[in-house]
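K.L.:
got a sequence here, can you build the structure:
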Amino acid sequence: MAAPMLRGCCLGRCWALACIDSSSRHGRGAATGFTSSGKRGQSFVAQQPLLTAQKSRKGEHKWAAVVGLEIHAQIASNSKLFSGSQVHFAAPPNSLVSFFDASLPGTLPVLNRRCVEAAVMTGLALNCHINKKSLFDRKHYFYADLPAGYQITQQRLPIAVNGSLAYSVCVGKKWRQVITKTVRIKQIQLEQDSGKSLHDELRSQTLIDLNRAGVGLLEVVLEPDMSCGEEAATAVRELQLILQALGTSQANMAEGQLRVDANISVHHPGEPLGVRTEVKNLNSARFLARAIDYEIQRQINELENGCEILNETRSFDYKLGCTVPMRDKEGKQDYRWLLLLFMPEPNLPPLLLYDTASLPAGADPQQVINIDRIQEQLPELPSETREKLIQQYGILPEHSFALLHLPPCLARSRHSVNIYSVNGQTSKHVGYHYNTHGSPGRSSIPDKSISVSKDQIHKPVLTT
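P.N.:
Residues are numbered from 1 along each chain as shown. Here you go, the predicted model:
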């Protein structure tokens, strides 16, 4: 029986802005002052105080939390990573499944060029080192939505490594002080997605939809440089904006195009890191923050009561607002144990990339990928847009993120500037308008509640 399509819900969005600075490597999320360097990247601000340590309820010791993330972004491509099947979210169940997706004997993978270019572009935008030679591996584990019994990924030698991502947090009175922190990116790797499983408790059945099986993913691994849920949610929301600006992923969390696994542990400052737990399949920035904060407090309570923290996989129950151990059939123990079984992928040769200097003479441009050419094609990223808002329009840094999250308003403001660009005071008028009426602290308007028609965009909204 075919499984119905699964749909998610993303409630709310964090207001934030961030920037990527290729020259800043602050290690474990060191804080810096706000800058408008214009480096390629994205900035994201959250209206929450920074939490670097939490006091126990008994008031005897301080606890420090450590949070790392594994982010899976679905690549925006017309076909899957290793097959010609189309990619469409709302397609009927099991209607977009090729022989390779179903793992029929004798079928072989054919690498999708678009997915490779998307991985390189994302790595460049995140200040990563692009490996000119990367390898594919098989990650073996058994589950019903994985017909082959293994997932093709890049464990040993991924396509991009050693990047950085900075995000800015509004603190202080009325959230007017902006502090920038940096999280290191361990690696970015290509891998294929699995199918969907729907557990029917009433009928004791599990339904499978293989439409998603084989869809190309970008797995972005963030080092454990964060210390609370709001920081993690801010970093994820920032990465989401970068992927959308690049066009490498639509990153719609409601449709499962961006999913997050969080690794969390607590310890006393100055002592070794504690045992970590993993909270899987978080598809909302809001739920991500809630799940991490709950898990941090749960571990603190367990340790203070003399209990031990288990190295286990948990999920977040958004109705109860707590994390719960995953059921055995969802992979609580066996999945984590078999996850360690890797082997080279014998059906795929090494992936070779080139730059202009190393490009073979007479090479067919359609058969090779030039890193330098992709670098030249990078679009304007949110950090550059933010700098224009600050420098040209005079918008305050803590207000500039609002326009990044509201594309209709951003388009309208730019068109207004073109209309009123009759003297040197235009940018000041734009900045005054948004600094006065666009304060995110006064109103937080969801993106979907903004509806701007074509006539409204062309209608003057600023007066001299």
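K.L.:
where does pLDDT dip in the stretch 151-300 of the chain?
P.N.:
Within the stretch 151-300 of the chain, the ranges that satisfy pLDDT under 70 run 172-176.
K.L.:
how about the strands in it?
P.N.:
Assigned strands in the stretch 151-300 of the chain, in chain order: 160-171, 177-192, 196-200, 205-209, 216-226, 258-267, 277-282 (criterion: DSSP state E, counting those that start in this stretch).
K.L.:
of those, which approaches residue 113 most closely?
P.N.:
Smallest distance to residue 113 across these (CB to CB): 11.0 Å, for strand 216-226. Just so you know, the C-beta spots here come from the backbone N, C-alpha and C atoms, and that holds for glycine as well.
K.L.:
who does that closest one pair up with?
P.N.:
strand 62-74 (antiparallel), strand 177-192 (antiparallel) (DSSP bridges).
K.L.:
how about low-confidence regions in the stretch 351-464 of the chain?
P.N.:
For the stretch 351-464 of the chain, the stretches flagged by pLDDT under 70 are 407-409, 412-464.
K.L.:
hang on, the earlier thing: make TSV out of the strands paired with strand 216-226 and add distance to residue 393.
P.N.:
Below are the strands paired with strand 216-226 laid out as TSV (distance: least, CB to CB, whole Å):
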stretch	distance to residue 393
strand 62-74	31
strand 177-192	17
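K.L.:
save those as TSV, and put in distance to residue 395 and mean neighbour count too.
P.N.:
Compiled in TSV, these are given as follows (distance: least, CB to CB, whole Å; neighbours: other CB atoms under 10 Å):
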stretch	distance to residue 395	mean neighbour count
strand 62-74	29	21
strand 177-192	13	22
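K.L.:
ok, the spatially closest residue to residue 66 that is not a sequence neighbour - contacts?
P.N.:
Beyond its immediate neighbours in the sequence, the residue positioned closest to residue 66 (CB to CB, 6 or more residues apart in numbering) is residue 224, lying 4.6 Å away. For residue 224, the contact set (CB atoms under 8 Å, 6 or more residues apart in numbering) comprises 66-68, 263, 265.
K.L.:
for these, which one is nearest residue 300?
P.N.:
residue 265 (10.9 Å).
K.L.:
quick check: the residue nearest to residue 66 vs residue 297, distance?
P.N.:
18 Å (CB to CB, to the nearest Å).
K.L.:
likewise for residue 223?
P.N.:
Counting by CB to CB, the gap from residue 223 to residue 297 is 23 Å.
K.L.:
again, but for residue 183
P.N.:
22 Å.
K.L.:
repeat for residue 324
P.N.:
Residue 324 is 15 Å from residue 297, by CB to CB.
K.L.:
which of those two has more residues huddled nearby?
P.N.:
Higher neighbour count among residue 324 and residue 297: residue 297, with 17 against 11, using other CB atoms under 10 Å.
K.L.:
which residues of the stretch 201-350 of the chain fall in helices?
P.N.:
Ranges of helices within the stretch 201-350 of the chain are 229-246, 285-304, 334-338, based on DSSP state H, counting those that start in this stretch.
K.L.:
so how far is the first one from its chain's centroid?
P.N.:
Its chain's C-alpha centre and that of helix 229-246 lie 5 Å apart, by CA atoms, centre = their mean, to the nearest Å.
K.L.:
what angle separates that helix from strand 160-171?
P.N.:
On the basis of axes from the mean of the first three to the mean of the last three CA atoms, to 10 degrees, helix 229-246 is oriented at 120 degrees to strand 160-171.
K.L.:
now do helix 229-246: which elements does it pack against?
P.N.:
strand 45-46, strand 62-74, helix 113-125, strand 160-171, strand 216-226, strand 258-267, helix 285-304, helix 382-391 (3 or more CB pairs under 8 Å, 6 or more residues apart in numbering; DSSP states H and E).
K.L.:
among those, which is nearest residue 193?
P.N.:
strand 216-226 (5.1 Å).
K.L.:
can you give the distance of that closest one from its chain's centre?
P.N.:
8 Å.
K.L.:
buried ones in that strand?
P.N.:
216-226 (16 or more other CB atoms under 10 Å).
K.L.:
may I have that strand exported as PDB, CA atoms only?
P.N.:
Taking Å, rounded to 0.1, in the frame of the first residue of the first chain, the C-alpha atoms of strand 216-226 are listed here in PDB:
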ATOM      1  CA  GLY A 216      20.200  15.000  -3.600                       C
ATOM      2  CA  LEU A 217      21.100  16.400  -0.200                       C
ATOM      3  CA  LEU A 218      23.700  18.800   1.100                       C
ATOM      4  CA  GLU A 219      24.800  17.700   4.600                       C
ATOM      5  CA  VAL A 220      26.300  20.700   6.400                       C
ATOM      6  CA  VAL A 221      28.100  19.600   9.600                       C
ATOM      7  CA  LEU A 222      28.500  22.500  12.200                       C
ATOM      8  CA  GLU A 223      31.100  22.100  14.900                       C
ATOM      9  CA  PRO A 224      29.800  22.200  18.600                       C
ATOM     10  CA  ASP A 225      30.400  25.900  19.000                       C
ATOM     11  CA  MET A 226      26.900  26.900  20.100                       C
END
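K.L.:
relative to helix 285-304, how tilted is it?
P.N.:
Using the same axes, to 10 degrees: strand 216-226 against helix 285-304 is 50 degrees.
K.L.:
can we start the residue count at 479 from this point?
P.N.:
Okay, using 479 as the starting number, the last item reads as strand 694-704.
K.L.:
I'd like to check the angle between strand 694-704 and strand 736-745, please.
P.N.:
Using the same axes, to 10 degrees: strand 694-704 against strand 736-745 is 20 degrees.
K.L.:
now the angle from strand 694-704 to helix 591-603?
P.N.:
Angle of strand 694-704 versus helix 591-603, following the same axes, to 10 degrees, is 20 degrees.
K.L.:
count of neighbours near residue 745?
P.N.:
Residue 745: 16 neighbours (other CB under 10 Å).
K.L.:
who does it bridge with?
P.N.:
residue 542.
K.L.:
for it, give me its contacts.
P.N.:
So residue 745 contacts 541-542, 544, 751-752 (CB under 8 Å, 6+ apart).
K.L.:
what about the residue nearest to residue 544, distance to residue 800?
P.N.:
Applying CB to CB to residue 702 and residue 800 gives a distance of 22 Å.
K.L.:
what do you get for residue 825?
P.N.:
43 Å.
K.L.:
what do you get for residue 601?
P.N.:
36 Å.
K.L.:
more neighbours: which of the two?
P.N.:
A side-by-side neighbour count of residue 601 and residue 800, using other CB under 10 Å, places residue 601 first with 27 against 15.
K.L.:
give me every residue that touches the closest residue to residue 638 other than its chain neighbours.
P.N.:
Residue nearest to residue 638 in three dimensions, not counting chain neighbours: residue 601, with 3.1 Å by CB to CB, 6+ apart. The contact partners of residue 601, by CB under 8 Å, 6+ apart, come to 607-608, 637-638, 641, 666.
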